[in-house]
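[1] Based on what follows, work out the 3D shape:
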Amino acid sequence: MEKIKITFLGTGNAVPTEKRNHTAILLNYKNENILIDCGEGTQRQFKYAKLSPSKLTKILITHWHGDHILGLPGLFQTLGMSEYQKTLELYGPKNTYYFVEQLKKLVNIKIPLNVRELSNGKLFENKEFYLEAEQMSHDTPCLAYSFVIKDRRHLDKKKIKKLKIPNSPLLGDLQQGKDIKFEGKKIKSSQVSYLEKGKKVSIILDTSPNPNTIKLAEKSDLLICESTFSKEEEKIAREYKHLTSTDAANIAKKAKVNKLILTHISQRYEHNPEIILKEAKKLFKNTFLAKDLDVIVI
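    From the prediction side, this is the model:
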């Protein structure tokens, strides 16, 4: 199975710092290049990461607050000047159509753009993977997303050859997990095949704690989660409908994820972000703190 590559183009929150740009995360799998949010300065982060925005296939918007979308006008202009040939698919929560129309009034968008407004459920699916969304609890319509590579069944070529099963639709049935009859004998799919487990990456940004966070993140190989505030700032976190470090760790623990990466870090922790990490690790050991331009491969 090919790897999923994730590049953290921005890991800050509403106010950028010297070390942290506004939020943007790039997920790459084969020919798919999916950008989750596009804060101000994202184009420049692409340059620093030595990546081309012209390879983008999809943009997933969690919500329409400035620190998550103000990079879109410039990105659209650059793609237009770069003669972007694909149709860029843009997904987002309620009011996405309206906001895109407002952007069109400000910027001459010259690229083919397919806009879809979502509530929850699967937003894209093919034979290999699917994307799904769940509504979050913020002060504006907000979504979180999962990228899921499906389980794949592989045939054991040596066993197929030994049984002399011909290259025919019978092989397709076996690969789909169906048992077959061949030369008067029943052959179970499990006898001649094995299952390769898929992978799941979930991305939860601005939200207050809610059941959908655990539902979306369930059994993720990787959970990328906002951790805007420390545990000591829980009162402020609730006021602004954000998560603390311990909230993120609790989601990871309850959802039984494998690995947690914290992002969307407040500028108040610029000089001591380890506070956030240490608090989360007390509850969920396999926790890491994202930095701008970090690359994770799973």
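
[2] Quick one: the helices in the stretch 151-298 of the chain, in order.
    157-162, 169-175, 189-192, 211-217, 234-239, 245-254, 274-283 (DSSP state H, counting those that start in this stretch).

[3] In TSV, list the ones you listed along with mean neighbour count.
    All C-beta atoms are positioned from the backbone trio N, CA, C, and that covers glycine. Below are these laid out as TSV (neighbours: other C-beta atoms under 10 Å):
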stretch	mean neighbour count
helix 157-162	12
helix 169-175	15
helix 189-192	16
helix 211-217	20
helix 234-239	15
helix 245-254	24
helix 274-283	18
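
[4] Excluding its own residues, what touches the worst-scoring helix or strand of the chain on mean pLDDT? List them.
    In the chain, no helix or strand scores lower on mean pLDDT, DSSP states H and E than helix 169-175, which sits at a mean of 82. Applying C-beta atoms under 8 Å, 6 or more residues apart in numbering, the contact partners of helix 169-175 are 153, 154, 155, 160, 165, 180, 182, 187, 189, 192, 193.

[5] what about the helices in the stretch 1-150 of the chain?
    Remark: helices assigned in the stretch 1-150 of the chain by DSSP H, counting those that start in this stretch are 42-48, 66-69, 72-81, 96-106.

[6] could you give the angle of the longest one to helix 72-81?
    Between helix 96-106 and helix 72-81, the angle comes out at 70 degrees (axes from the mean of the first three to the mean of the last three C-alpha atoms, to 10 degrees).

[7] May I see the buried residues of helix 96-106?
    Along helix 96-106, these residues count as buried under the neighbour rule (16 or more other C-beta atoms under 10 Å): 96, 99, 100.

[8] What count of nearby residues applies to the closest residue to the first one other than its chain neighbours?
    When you say that, I think you mean residue 96. Spatial nearest neighbour of residue 96, chain neighbours left out: residue 117 (4.6 Å); criterion: C-beta to C-beta, 6 or more residues apart in numbering. Residues lying near residue 117 (other C-beta atoms under 10 Å) number 16.

[9] The one 5 residues further on too?
    Other residues within reach of residue 122 by the criterion other C-beta under 10 Å amount to 12.

[10] centroid residue for the chain?
    Note on the chain: the residue nearest the mean C-alpha position is residue 203, at 4.7 Å, using C-alpha atoms, centre = their mean.

[11] Which one of the buried residues of helix 96-106 is nearest to residue 70?
    residue 99 (11.5 Å; C-beta to C-beta).

[12] how close does that closest one get to residue 69?
    Residue 99 is 8 Å from residue 69, where distance means C-beta to C-beta, to the nearest Å.

[13] what are the bridge partners for the residue nearest to the centre of the chain, then?
    residue 145, residue 224 (DSSP bridges).

[14] Go ahead and confirm it touches residue 36.
    Yes. The criterion here is C-beta atoms under 8 Å, and residue 203 meets it with residue 36 at 5.4 Å.

[15] For residue 21, give me its contacts.
    9, 10, 11, 12, 39, 40, 41, 42, 44, 45, 292.

[16] residues near the first one, how many?
    Just to be clear, that refers to residue 9. That count, for residue 9 with other C-beta under 10 Å as the rule, works out to 28.

[17] Next up, the contacts around it.
    Taking C-beta under 8 Å, 6+ apart, we find residue 9 in contact with 21, 24, 25, 26, 42, 45, 46, 49, 292, 293.
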